[in-house]
Every structure is written in C-alpha cells, then in structure tokens.
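1. take this sequence and fold it.
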Amino acid sequence: MHCVSGKHSVMMVSFCQGALLLSLAAAMAVYADMKVDCGPDFVTLMWTESRPQADTSLLRLGNCFPTSFSAGEAYFYVDLTDCNFRRLVTGDALVYSNDLTYVASADSYNLAFTHPVVCAYDRPKDWYATIYDPVFKTYSLGDLQFNIGLMNDDFSGPAESTRFPLGSIIPIMGECGAGDPSALAAAS
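-> Alright, predicted model coming up:
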C-alpha cells in the first residue's frame, strides 16, 4: 500500500491510516485460530498461534490465565461464573460475553489485541436471576413497619424534589422498624 503525503487532504490521510489498521488486523488473523465451545455452564477455548515468537502464556480470558499452554497453543476451561463473564438477559436468550486479550511484553514484536468471546443460550421459561431467589427465610414475632424514602445526595435529609435527571443516581433510604430489635430474624 502506498499513501502519498503532501498536498492531499486530511481525508486521504485518515483513509490511509484506516487501511493500515485493517491490514494489521487481517495479518494478525492469519497467524492464529480460535475455537470456542459453549457448554451448559462452562466455556472451553483453544487458541492456536502459528508465530513462534508469540508467548501464549500472556493470553487472558477476562481475568483468567490459561488452564494450560504450550509454545503454540493456549487452552481455557472456565465456568461462566468465573473470569468476569458478563451476562445479558433478554426475553428469550442468555448471552455471556468476555474478552480474550493478549498482553504483549515490552520486548515483544507482537502487538496486544482483544477478541470478543460470546456464548448465547436459549433462556429457559422458568429462569430468573439468583438475586431474586433468597437463600434464607424470614420470620417475625410481631408487626413490622417498612419505610422507604427519596433522599438528597448526602443522605442528610429527604429529597427536595421527586424529579431526577435521566441517568442520575437516585439516593433511596429504606428502613424496617420493629418494637423489639429481636423481632426480625433470619434463618438460613
């Protein structure tokens, strides 16, 4: 590729830079192969690298190191609850995503890179987030009074308005009042 400098417009320079980046990305893709297997609650990933100078121990899946690696391969076997997988829940799907990254050492000729890793599953009809499934049972010996209120930013008093800008943090105070402090108990 030849990009001439001089009197050409900024648009031509931007095009040349974009073409160079695409060329580098395409060259990197030629040197490696990634195979992902999405199990019911785990992921296996095999990265095969053909460049002898690439150090596969520097690959990371999220924050996890390879389960095993050799001169040309890195293998990951991880649970979907590990390695900082992100979960996206839609009406009919559960999508788990993460990033495979290569952190190049200072003396390496290889560039750092990131590749997305995504596993999508059909959402079971009876699936719900575990946050809504309490692992304890509460019981009471008397009446309980629950109060909730909107607070100002420093929680020093009630909010002056019930209007908040879109995307802002809304401070909420919640309390449970009972005549006897031991009236509210939790059993696991």
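2. show me what V36 is bridged to.
-> Counting by DSSP bridges, V36 forms beta bridges with L45.
3. ditto for L94
-> V89, Y121.
4. and H115, by the same measure?
-> L100.
5. quickly note the distance from it to R87.
-> Distance, H115 to R87, using CB to CB, to the nearest Å: 19 Å. All C-beta spots, glycine's among them, are computed from the backbone N, C-alpha and C.
6. what about Y77, which SS state?
-> strand (DSSP: H, G, I helix; E, B strand; the rest coil).
7. so what's the nearest residue to it once chain neighbours are set aside scoring on pLDDT?
-> Distance criterion CB to CB, 6 or more residues apart in numbering; nearest residue to Y77, sequence neighbours excluded, is T67 at 4.7 Å. At T67, the pLDDT value in this model is 92.
8. and L141, by the same measure?
-> Looking at L141, its pLDDT is 65.
9. on that earlier part again, could you count how many residues lie near the residue nearest to Y77?
-> 13 (other CB atoms under 10 Å).
10. give the contact list for it.
-> Y75, F76, Y77, V78 (CB atoms under 8 Å, 6 or more residues apart in numbering).
11. between those, which is nearest F146?
-> Of all those, V78 has the smallest distance to F146: 40.7 Å, by CB to CB.
12. separation between that closest one and L61?
-> 6 Å.
13. between these two, which has more neighbouring residues?
-> L61 (26 against 18).
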